[in-house]
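[1] here is my input, please return the structure:
(chains A and B)
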Amino acid sequence: MASDQDLVVETVRDILGSHEPFVLTADRRWDDRLWSALADAGLTGVGLPEEAGGSGGELADAVAIVRTLASGAAAVPVAEQLLVAGPAVIAAGLTLPPVEEPLTFAIAEGVTASQDGDGWTLTGTATGVAWAGAAAHVALLANGPDGEVLALLSADGVPATDAFNLAGEPRGTLTLEGVPAAVAPLNAARTRELRADFALARAVQLGAALERVLTWTVQYAGERHQFGRPLGKFQAIQMELAEMAGEVTAVTAVTDAAVQALAHGSSGVVLAAAAAKVRAGAAVEVVARLAHQVHGAIGFTQEHKLHHLTRRLWSWRDEAGSELVWSRVLAEGLLADGPDGLWPALTRVG
Amino acid sequence: MSNSLTLAPAPRSEAAEQVRAEVREFLAAELAAGTFTTHVDTWLSGVDPAFSKKLGERGWLGMTWPKEYGGHERSAMERYAVTEELLAAGAPVAAHWIADRQSGPNLLAYGTEKQRQEILPRIAAGECFFVIGMSEPDSGSDLASIRTRAARDEAGDWVVNGAKVWTSNAHHSHYGIVLVRTSPSDSANRHAGMSQLLIDLSLPGITINPIRILDGGHHFNEVVFEDVVVPGDMLLGEEGNGWHQVTAELAFERSGPERFLSTYPLVAEFGRRVADSGDPAALVTLGRLSARILALRQMSLRIAAALDRGELPNIPAALVKDVGTTFEADVIEEIRRVVDVLPSLDSPDPLARALAEAQLHQPGFTLRGGTNEILRGIVARGLGLR
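    Numbers count the residues shown, from 1 in each chain, chains lettered A, B, ... in the order given. Sure thing, here's the model as predicted:
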């Protein structure tokens, strides 16, 4: 069972090996060469059914790819394409764009879809769009005439502003003035699930990056000597690394459970994803702080690799709904059966 | 991350969900009948032998043990579901808790056939309770420094002298598994020369002195041994193998859901308050606490699944206990920040009572069963730092 996934991960690692992370700038806002290499290897359609134009495989394979890329600070929209936009487009019955062309996802409460003859057009602004200016296609959760819709548009000719998250990843605004799009209606439950899928994608990325930051910090504590011994031999440092390990293990456990819920189509997936996003977001504070503390001044520079992941951690925890947003969703969901329903609800989520 | 910290996800167990439903139904009936009231930290303070006996009658003690010793040959996942439900309800489980959790498994692993036949069925019936004999007045985290000693007399019996402390509910217990020095301490090998004795607490020469905790409750004791003659066949396991055995016992002591659910009854009460008030800040706090509970459940379930695979995951158990007991204490501050309640043990408000109980028990959470500093040292070893 694990061997297929190991092979996928190995392939992604091999490709990543020749694409070192770099400091993103407005001029070089994503890693198009890495994307091409991944697309050439057929990895940008994994987990999406072949009959819809994907490469087949399980959700677990797609998650393994996303995790590997996240821990390598890869500047490509693979999490959006494989875990959110791709599945959403297919589930809504729209035509998946070629998987070699990057597809991103955004929640666009400021965009309205209107019928225009036989087709649809989009008007409004979508803010904080991941990979705006880099992605070829965008799937938007937008407003329709009778509730929310999924809209799929080509980004060709759509201007994107220069706006970036703390890691320099593009998060610009798209201004849409009657842009043609394919549109499908979504019911309220599906809308909730789609938001949860997005949050879970970020939680998966956070989990993988947190794990790698722990690994780097343990390694550094073994290599760096002060007072004649490695940092990792000092009890004070050991306590910090153990605390980091606790946080990382918690995130892995709750995120894996949410991925399982998604894979099984469980009705608890929204609350499981909410828990994963909240827990991962909370772990960032501890893990990033202690990683920088242990790394000392060198970790505070762009010369050292640590910032590639810690800046992403600080960004991703607030994207796709912050801990505030998902804590509320989680608590409301858990109390849905009334004041005495909390414990049964917790055990149902997993 | 080092593999020694990572456990595979727990498979979902239908059998566990079935027994969970049975326990839930039983607890609802007992609560309705008023046979117990919910409290915080009841696996320390909720001693009720009649309740323990009811659990034994229903087959919920000694669940994983062989049937020939009164057990039920069920999975660790099923046992997990039962213990979790009992803790979440704040049920009085303290009488049998230690015996069911660690003394029984210890006897199964190291006991003689006679010891097993005599004692295990009584534990599974909820009729025989145990106390842990590890810490001493001068030996806390440094367990290898214990001084209680046992020497063979001419008849081949053990003569025990010394004192054990923090022995929870010794005054309600029948036996203690007591770590003693059977050879003088050797500075070159501090872990050598210790053994475990199975001691009947009614033997002459044993004095049990109460030690009261912050809320005035009598759970802890000092157990003093003065020339106590313990029959020679009451050695548990091998002479000199005490350190190894006690380490294995600690894996059971540290691995269960009681390491993150001690204050769950407070969370439940807070949840009721939030459901009634709808206060936005309190709702967010409940969500954040719930996310931590859900993560801890998954971590703890992984340990139960590892036990079912026959593993004894010491390092992951230490890690879960560190994270879990930190949570148990954090619950109090998180809730305090969003409710305006004066904690009091005799308040008519159940939230005020639960807060008071939790606060007065809180210092113990991150001390008992190995301080969090000791646990983090074990995790650091798992990370390859020691």
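[2] enumerate the residues of the stretch 151-300 of chain A near chain B.
    Taking CB under 8 Å from any CB of the partner chain as the contact definition, the stretch 151-300 of chain A meets chain B at A:211, A:214-215, A:218, A:221-222, A:232-233, A:235, A:237-239, A:241-243, A:245-254, A:256-257, A:260, A:272, A:274-276, A:278-279, A:282. For glycine as for every other residue, the C-beta is placed from the backbone atoms N, C-alpha and C.
[3] and the buried ones among those, selectable in PyMOL?
    Typed into PyMOL, the line below selects the buried ones among these, using 16 or more other CB atoms under 10 Å in any protein chain shown:
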select buried, chain A and resi 211+214+218+221+232+233+237+238+239+241+242+243+245+246+247+248+249+250+251+252+253+254+256+257+260+272+274+275+276+278+279+282
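[4] now do the contacts for A:R229.
    Residues touching A:R229, when contacts are defined by CB atoms under 8 Å, 6 or more residues apart in numbering or on different chains, are absent altogether.
[5] would you mind measuring from it to chain B?
    According to CB to the nearest CB, to the nearest Å, A:R229 stands 11 Å off from chain B.
[6] list the beta-bridge partners for that residue.
    A:Q226 (DSSP bridges).
[7] list the buried ones in the lowest-mean-pLDDT helix or strand in chain B?
    In chain B, no helix or strand scores lower on mean pLDDT, DSSP states H and E than helix B:242-254, which sits at a mean of 91. If you call a residue buried by 16+ other CB under 10 Å, then helix B:242-254 has these buried ones: B:G242, B:W243, B:Q245, B:V246, B:A248, B:E249, B:L250, B:A251, B:F252, B:E253, B:R254.
[8] just give me the closest of those residues to A:E58.
    Here the nearest of the buried residues of helix B:242-254 to A:E58, counting by CB to CB, is B:A251; it sits at 34.1 Å.
[9] which SS class is B:L214?
    Secondary structure state of B:L214, per DSSP: H, G, I helix; E, B strand; the rest coil, is coil.
[10] next, give phi and psi for it.
    Backbone geometry at B:L214, expressed as degrees, to the nearest 10, gives phi -60, psi -30.
[11] what pLDDT does it get?
    Among the per-residue scores, B:L214 shows a pLDDT of 96.
[12] also the one 5 residues further on?
    At B:H219, the pLDDT value in this model is 96.
[13] was I right about A:N187 contacting A:G147?
    Yes - under the criterion of CB atoms under 8 Å, A:N187 makes contact with A:G147 at 7.5 Å.
[14] output the below-cut-off pLDDT ranges for the chain.
    Let's take chain A. For chain A, residues meeting the criterion pLDDT under 70 lie at A:1-3.
[15] other chain: chain B
    Checking chain B against pLDDT under 70 turns up B:1-4.
[16] re earlier: elements contacting the least confident helix or strand of chain B?
    The contact analysis (3 or more CB pairs under 8 Å, 6 or more residues apart in numbering or on different chains; DSSP states H and E) places helix B:242-254 against helix B:104-110, strand B:175-181, strand B:194-200, helix B:314-336.
[17] near chain A, anything from the longest one?
    Just to be clear, that refers to helix B:314-336. Yes - on the criterion CB under 8 Å from any CB, helix B:314-336 is in touch with chain A at B:P316, B:L319, B:V320, B:D322, B:V323, B:T326.
[18] pull out the buried residues from that helix.
    Buried residues in helix B:314-336, counted by 16+ other CB under 10 Å: B:314-332, B:334-335.
[19] next one: the third one
    Within strand B:194-200, the residues that qualify as buried are B:M194, B:S195, B:Q196, B:L197, B:L198, B:I199, counting by 16+ other CB under 10 Å.
[20] swap in the first one?
    If you call a residue buried by 16+ other CB under 10 Å, then helix B:104-110 has these buried ones: B:G104, B:P105, B:N106, B:L107, B:L108, B:Y110.
[21] quick one: contacts for the first one?
    Taking CB under 8 Å, 6+ apart, we find B:G104 in contact with B:G62, B:W65, B:L120, B:I123, B:A124.
[22] so who does residue 232 touch?
    Reading this off chain A. For A:G232, the residues meeting the contact criterion (CB under 8 Å, 6+ apart) are A:V218, A:A221, A:G222, A:Q238, A:L241, B:A380, B:L385.
[23] I was thinking of chain B, sorry if that wasn't clear
    If you count contacts by CB under 8 Å, 6+ apart, B:G232 has them with B:R152, B:A155, B:G156, B:D157, B:W158.
[24] out of those residues, which is nearest to A:T127?
    Compare each of these with A:T127 using CB to CB and the shortest gap goes to B:W158, at 75.9 Å.
[25] that closest one pairs with what?
    On DSSP bridges, the residues paired with B:W158 through beta bridges are B:R152, B:V230.
[26] B:V229 is in contact with that one, correct?
    Yes - between B:W158 and B:V229 there is a contact under CB under 8 Å: 7.3 Å.
[27] in what helix or strand does A:E285 lie?
    With the criterion set as DSSP states H and E, the secondary-structure element containing A:E285 is helix A:269-295.
[28] what's in contact with stretch B:36-53?
    When contacts are taken as CB under 8 Å, 6+ apart, the neighbours of stretch B:36-53 outside the stretch itself are B:30-31, B:35, B:61, B:87, B:89-97, B:125-127, B:129, B:168-169, B:172, B:217, B:219, B:258, B:262-263, B:265-266, B:268, B:354, B:357-358, B:361, B:364, B:368.
[29] residue of the stretch 201-350 of chain A with the smallest distance to chain B?
    Nearest residue of the stretch 201-350 of chain A to chain B, counting by CB to the nearest CB: A:S327, 2.9 Å away.
[30] so who does that residue touch?
    For A:S327, the contacting residues are A:A274, A:V278, B:L283, B:V284, B:T285, B:L286, B:G287, B:R288, B:A291, by CB under 8 Å, 6+ apart.
[31] let's see it at 10 Å
    Contact partners of A:S327, counting by CB atoms under 10 Å, 6 or more residues apart in numbering or on different chains, are A:274-275, A:277-278, A:281-282, A:321, B:283-291.
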